[in-house]
Structure formats: C-alpha cells, structure tokens
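>>> coords please:
(2 chains)
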2 protein chains.
Amino acid sequence: MTDDVARSWAYLSRVAEPPCPELAALVARVGAVEAADRVRRGEVGDELARLTEARREIDCVAADLDLLARLGGRLIVADDADWPLIAFRSFRGVDSRARPQAHPPMVLWALGQLQLTDVEDRGCSIVGTRAATAYGEHVAADLAAGLAERDVAVVSGGAYGIDGVAHRATLASEGLTVAVLASGIDVPYPAGHAALLRRIADQGLIVSEYPPGVRPARYRFLTRNRLVAALTGATVVVEAGLRSGAANTAAWAHALGRPVCAVPGPVTSSASAGCHALLRGGAELVTRAADVVELVGRAGELAPELPRPTSPLDHLEDVERRVYDALPARGARTADQVAVAAGLPATQVLGPLATLELVGLVTRRDGRWKLAFR
Amino acid sequence: MTDDVARSWAYLSRVAEPPCPELAALVARVGAVEAADRVRRGEVGDELARLTEARREIDCVAADLDLLARLGGRLIVADDADWPLIAFRSFRGVDSRARPQAHPPMVLWALGQLQLTDVEDRGCSIVGTRAATAYGEHVAADLAAGLAERDVAVVSGGAYGIDGVAHRATLASEGLTVAVLASGIDVPYPAGHAALLRRIADQGLIVSEYPPGVRPARYRFLTRNRLVAALTGATVVVEAGLRSGAANTAAWAHALGRPVCAVPGPVTSSASAGCHALLRGGAELVTRAADVVELVGRAGELAPELPRPTSPLDHLEDVERRVYDALPARGARTADQVAVAAGLPATQVLGPLATLELVGLVTRRDGRWKLAFR
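Residues are numbered from 1 along each chain as shown, chains lettered A, B, ... in the order given. This next block holds a predicted model:
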C-alpha cells in the first residue's frame, strides 16, 4: 500500500462512524484516494455529507499512521490478500432494516502477525458474560484449550470474564487468538487487560474497526460484536445473563448463518440463563471442544462418541438377560424355578443358563443355579 | 367387577410375563373369564401355550385378591371407567419390532384413591438417576412443587434419587403423585422407600402391572418405564448419566409421541451428561415448572416470560442512545464535541440531548452536557 493510499484509508476510517455503507459505496465506485478527497472537499451527496459533516475537517491521519507504525501494526482493507472475503460477504444476506449495522467493515486496524483469512478458515468465537462464575471460567478455559489443541483459532472481545479466560487459555496452550476491540487498538479496554491485550498482539492478533484514540461506547460494542461473529465459523456462548452482549454476538452469528452454540449450566445460575434461552431458541448444545470442532472444522471432522460405561451384560441376548435377572441375589434355583420367575418355558431356560455359565456370570452346583460373584 | 371376573383378571395377570399381546388378544376376543379358563386348560394356540406354560398351573388368585382387599387396593382393567384409553392407545403407533414391549398393560394393581384418567389429563413424569447430586435434588423438588401448585400430577418410579425427591416434594405441596412400580404393590422397592410408598398410596396412587409378590428385575424396570411415559403428557429428565433408566423412560415418551424434556446442568457433572445427550437429540430444555406446564397443560397455557433486567436506557431511540454513549464517564462536553464523538451532525445532537435531559439521564450547565448521577 502506498503512503497516499494508506493516508486515504486512515482518513476514511475516522470520518464516518462505521459501518457506513454510503461511504463504502463511494469507495467501491471511485477508490479510496478519490473518495477521501471528495469527502474532504464536501463534494458528496446530501446523505453522505450529513454523515461525515461532524468529522470531515478533523485530520489526524499523519499521527494515526505514525502511531500504527510505532506499534508495528498495519491496516487491512478490502483489496488486501488478508481480507476475509467470504466472512464479510455473508452480511449481504442480512436484512439491514432489521440490523442496520449489517455491513462489512471498510478498514481494520490490526496488531499482530496472524492472518485473518486463517481465522476465517478455522476459527471459533468464545464469548460470554463479564460476570462469569468459577464454573463458566472453568468451562471457557477448557473449551479454548481444547480448540487450541485442535488448531482452531479462538476469537473474542477482550473483555473481563469469559472473553479474557478464553484468550488466556488459548495463549497458555500456544494457540492462536484474536481480540476484536470496540475501541482504537491503542486504547486497551478494559484497562486491566492491557497486559493481556499486548500478549494477544504478540502471539495472535488484535483488530479494530476504529481508528486510534477512539473510546469504546455501548453502540460500538454492539457494532464490534458483528465482527466477532463474522470472522469465525461458529460462536459459542459459555455463560450469559438474559440480557448480555454475548446474546447479541450470538444473534449476529445466527443472522450471518453461522452455527450458534451454548454451554448449559445449572438452571439455578443466572449466569447460565442466557445460554438456556439460546438453547430453547435452537442453539446447539455443546459440552466440550470436540462438539465445537465438528461445527467449525474441516468437512467430515466428527466428534468421537462419548465413552459410555459398559457392563458384562451388554452383549447378552434378551432371553439370556431375562434368565440372568430371574436368578435371586442370594441363593440358588432350579431351572424350573428360573423358568417360573422369568415367565419362560422350562425348555427355554437351559440354553441361556449354559451360555451364562460359559461367560462366567452364573455357576451351577448340584443341579441348581446361582449368580457368580455372590 | 364380580368376584368371578376379578379372579380371572388376577389369574391372567400372573400367568404370562407382561406385556403379553397374544394373551391380551385372546381376552379381547373371548373376555377375561373365558380366556382364563382356556389358558388354565391349555386350550390355546402354540405360541400362547409356550408363553404361559411355566406358570399356568400356579394358582394364587385367592391369596392375591385377599391381599389386595386387605391393603384396600383395586384392580384396574381395560373395561373400567378408570382405564386411560388415550394414553394406552398411543402404543399402537410404536413399531413393536423395534420395541417389543410396546403394548398396553392388561391389568393394573392399584393402591390409592386417585383416578388414572385424571393423571392422564394433566400429569407429568419426573424421572432421573438414583445417584442424584444436591443440584439435581434441588431442581427436582422445585419442579415437582411447582407442578403440584399448578394442579399437575407428578408420576415417577419410586426409586432413590430424583424419583423419590419428586414424590416427596409433591406430597409436601399437597399435590397428587403416582408411583409406578416394577414389582408387586406389596413389595416395596427400594425397601428404604417403604414409608414413602405408603404415603403415596394414602395421598396419591401406586400402580403396578405385576401381581403381588413379584420382585423387580432389570427387564421389569424397562417394561415399567413405558407406563411412566404413557400415563403422562410429558416426561422430564432432571439428572441422568449417559446410561440410565431415565433415558429409557425418555425414549418411551418419544416413541409414544409425548414431549421429552430435560433439565440442563453443569457440563462438568456426569449426572447431567444424559440430559445433555437428550437435549442434543432434540429434547426440550426446561428450567422451571412453568416451562413444563406449557407442554402438559390445557391448550393455550403459556409460561410467562422470564423477567428481564431493565435499564432506564431501554426506551431510548437509537440516536438518543448514541448521543448518551458519546458523553464521557466524567466531565462535561459541548454539543459540538458530542457530535464529533457520536459521529453525528451537530444539528442532530441537540434534540436527543434535550430528551435525555427531560428523562433525567443528562444535565446541562453553562452550555455543556454531562451524565446525570456522576
């Protein structure tokens, strides 16, 4: 990207509150450089003029790009190899009257070496409440570590609670993790996660739709959530109250046609109430990383069956089992007594008794039968 | 019922291991008295002869009916007013090759005043593992009490763990409860529940397909489970391991076309693993009695919405909220500064600021705006 082009993107990134489909349309038509010039000169249609009026005279492009260079970051824009085409294309399918923010980002500010297209190929969002319980943190860490072990990138929002645990557990497992911020990449939010965000930038990726210095705001969290959902193959909500940002991310995933998963928890825990509401609404119930990999993974990657407790009685035929059950817990019985207890003809219990003796489940003495090991 | 007829039913109840569709077909054709006579004399087809061979000479009818009279019980048979016709008719829809026990009972031995038809109209099964956790017991008690308060009869199997808690909580709420046994009504099982079963007989109902003296056996539990499912409008599994009788009851409910519900729990608890497997297989997730009443209740009885936390920001328009969010946590801003922060034209922030002031969310001083309560 030439300096000229970079400066134009940086200007466009700040001049309208993203996403701004009117601005994106202009850029698509005339290119970033020409679009930035026209906006700066006010030579745009009424609607776009209105949308850019408050900020069009603000010029901190040089400072923004200096900062980006100092941090070692980069801009990711629609004509890069690193642009997640397919992920962002699915916004087209969303009704933008119902979801006014249903538009792809135009510019992403990024810190870190990870390629977004890799995340798009094999990534999963893990999100949840900031007010996580010990249970939720345990499960989030377990899921994130399990996904990391299976080469699935873990995307989240960098918040306290579930988000932070998911990032940390992924880093601890040397997996790839992405934090999508609702503020500029130089504005660590929450402040208590500044060190965590630095580690994510070092080992994974931090991205934001917002230029440097922009502070988070409620509507920016909601706007940001659509990117968390869009960048990954599936979204898992680990814990969420009935009213939570995680439910918003899940709604975006659903609108974008991506699987929405939720982890169940105690019905007595308000931190799981949002998950249960999602599950009642059709979300996929997941209990472990293998369940999730099935949804984000390469085609045909199926979770192994859960191991089931087994019993030596598993391989018995129905009639053998019925005969086995007809023997008393203590003491022995004749074949005729077994027949009466089992409600089977006497001629039909001798075969099963012999089989049961053969496999060591019953023993015979003096013409009477008893359970072995009793 | 005349003594003669009662004696015939009692004989038929014991002579073949239930359910015995061949015997039921004979009874339907020639009546109970004639059917009992023919079986006793061995004047039946080969298949039925084989099925009744082991027990046809056993005659403890007089003792059985004496015992029943002493206990104050009764027989419920297909031509009684108390026969749950609709409940048992749904067995016809089940593939009996896949589920050989998919036949209605022929005779039920009963203790208690409750009518089965009332249960059929408005009853719910609550079942689960014997190895219940404190969480499972808490939820089972809560659900049962909630159903009892809403006049829903609670049906279960009288076992330790979830079953016992469901019965007890229903009794404590002065609700109606039914225990379906896998043994004769005079064989309390488990023995530790003898007193509980007596209370159920006093205040609700105990029923069994098995004549007096019959001891439970593994296949009898499975056979019994179909009645637990058949007698009620819905089945709720509160806690179940991956391999459990409760899952068998749920499978019967599903086969009979009744809603199957499961209560989620911690994914770290093996006592909830069976519930999660059911939920992944399509069972309805329930968290409280109101969710269940919706499924067993009279048409149109809908659970109230869960109360959601509310905020004074709930009723704001999008643009008002965006303006509100653009105000800093501390300190005041001019309308122009707010416009830049929100990315809105200066002319469009004054209206929202005035509204916010009106509802008390922001205050103005010296031409600058700040959040109220800060």
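>>> Which SSE is immediately downstream of the lowest-mean-pLDDT helix or strand in chain A?
Among the helices and strands of chain A, helix A:85-89 carries the lowest confidence by mean pLDDT, DSSP states H and E, at a mean of 83. Next helix or strand after helix A:85-89 toward the C-terminus (DSSP states H and E): strand A:107-111.
>>> average pLDDT across whichever helix or strand comes after that next one?
As assigned by DSSP H and E, the chain's next helix or strand after strand A:107-111 is helix A:116-121. Across helix A:116-121, pLDDT averages out at 88.
>>> Could you do stretch A:356-369 as well?
85.
>>> How about stretch A:125-140?
Averaging pLDDT residue by residue across stretch A:125-140 gives 98.
>>> Would you mind writing the CA trace of it as CSV?
This file holds the C-alpha atoms of stretch A:125-140, laid out as CSV (Å, rounded to 0.1, in the frame of the first residue of the first chain):
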residue,chain,number,x,y,z
SER,A,125,-15.7,-17.3,18.8
ILE,A,126,-16.0,-17.9,22.6
VAL,A,127,-17.9,-15.2,24.3
GLY,A,128,-19.8,-14.7,27.5
THR,A,129,-20.6,-12.5,30.4
ARG,A,130,-18.1,-10.3,32.3
ALA,A,131,-19.8,-11.6,35.5
ALA,A,132,-18.6,-15.1,34.9
THR,A,133,-18.8,-17.8,37.7
ALA,A,134,-16.0,-20.1,38.6
TYR,A,135,-17.9,-22.8,36.6
GLY,A,136,-18.1,-20.6,33.5
GLU,A,137,-14.4,-19.7,33.7
HIS,A,138,-13.5,-23.4,34.1
VAL,A,139,-15.6,-24.4,31.0
ALA,A,140,-14.3,-21.4,28.9
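>>> anything in it near chain B?
Yes: applying C-beta under 8 Å from any C-beta of the partner chain, one finds stretch A:125-140 in contact with chain B at A:135, A:138-139. The C-beta positions use only the backbone N, C-alpha and C, and glycine is treated the same way.
>>> Kindly report the same for stretch A:105-115.
No: Stretch A:105-115 does not reach chain B (C-beta under 8 Å from any C-beta); its nearest approach is 13.7 Å.
>>> Same question for stretch A:319-339.
Yes: contact between stretch A:319-339 and chain B, assessed by C-beta under 8 Å from any C-beta, occurs at A:321-322, A:325-326, A:336, A:339.
>>> Quote the end-to-end distance of that stretch.
11 Å (C-alpha to C-alpha, to the nearest Å).
>>> now it, how far from the chain's geometric center?
Distance, stretch centre to chain centre, for stretch A:319-339: 54 Å (C-alpha atoms, centre = their mean, to the nearest Å).
>>> hmm, who's touching that stretch?
A:313, A:316, A:341-342, A:344-346, A:348-350, A:352-353, A:355-356, A:361-362, A:365, A:367-371, A:374, B:54, B:217-220 (C-beta atoms under 8 Å, 6 or more residues apart in numbering or on different chains).
>>> Which single residue of the stretch 1-150 of chain A ends up nearest chain B?
A:E17 (3.0 Å; C-beta to the nearest C-beta).
>>> what's near enough to touch that residue?
Counted by C-beta under 8 Å, 6+ apart, A:E17 has contacts A:51, B:342-344.
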